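In: everything below, folded, please.
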Amino acid sequence: VFGELFDTIPFDRKADGVAGLRRCGEALRRGDGLLMFPEGTRSLDGRMQPFKVGVAVLAIEHGVPIIPVRIDGAHELLPKGKHLLRPGVVSVAFGEAVYPPASAEGREDYAVFAALARQVQEAVSCLRAGAAS
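Out: Numbering: from 1, shown residues only. From the prediction side, this is the model:
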């Protein structure tokens with residue numbers, strides 16, 4: 001029901017994630033936007049985890065920019081493993097678009113994917129909670 005309500009694309013954490021990435025690619029080909037959580041899971045302690053390369057793979061393969069977004073306060077309201085939402089405030093900050101390098105188009109090079117994922121993670125890290133961007 002949740003997936004239908006919010007039009008989500010599930011990723012199987014026990015598999016390699018390729019099926020989910022393919023479905024995301026189909027959405028991009030249709031011209032749809034995507035909201036991805038590149039850490040792949042919710043944090044146990046609220047600190048940002050390393051980004052997976054999937055977001056970079058999609059950006060490079062489809063020639064689309066990535067908009068860095070930082071969400072602060074969500075961990076306190078709904079920690080991993082909890083099912084009841086606590087009242088509170090969540091802050092969202094948006095950064096400048098990060099474009100995949102033109103030289104990467106058509107390449108399937110893990111090092112290139114990892115470098116772009118790190119660049120996006122750094123952009124998200126630099127965003128301040130509640131700061132207007």
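
In: can you show me the helices along this protein?
Out: 2-6, 18-29, 54-62, 74-77, 110-126 (DSSP state H).

In: out of those, which gets the lowest mean score?
Out: Comparing mean pLDDT over those, the weakest stretch is helix 2-6, at a mean of 62.

In: could you find the closest non-adjacent residue to the residue of the chain positioned farthest from its centre?
Out: Note on the chain: the largest C-alpha distance from the chain mean falls to Pro87, namely 24.6 Å (CA atoms, centre = their mean). In space, and not counting its chain neighbours, Pro87 is closest to Leu77: 7.5 Å by CB to CB, 6 or more residues apart in numbering. All C-beta atoms are positioned from the backbone trio N, CA, C, and that covers glycine.

In: and for that neighbour, the neighbour number?
Out: 14 (other CB atoms under 10 Å).

In: that one contacts Arg86, doesn't it?
Out: Yes. Using CB atoms under 8 Å, Leu77 is in contact with Arg86, at 4.9 Å.

In: related to what we said a few turns ago, so which of the helices of the chain is the most surrounded?
Out: Ranked by mean neighbour count under mean count of other CB atoms under 10 Å, the helices of the chain are led by helix 54-62, which reaches a mean of 21.

In: can you list contacts of that one?
Out: Residues from elsewhere that reach helix 54-62 (CB atoms under 8 Å, 6 or more residues apart in numbering): 17, 20-21, 24-25, 28-29, 34, 36, 38, 40, 64-66, 98-101, 104-105, 107, 112-117, 120.

In: check stretch 117-133 too.
Out: Stretch 117-133 has contacts (CB under 8 Å, 6+ apart) with 38, 48, 50-53, 55-56, 66, 68-70, 72-73, 91, 93-96, 98.

In: what do you get for stretch 98-111?
Out: When contacts are defined by CB under 8 Å, 6+ apart, stretch 98-111 is touched by residues 53, 56, 59-60, 63-68, 112, 116, 119-120, 123.

In: same thing but at 7 Å, please
Out: Stretch 98-111 is contacted from outside by 53, 59-60, 63, 65-66, 68, 112, 116, 119-120, 123, using CB atoms under 7 Å, 6 or more residues apart in numbering.
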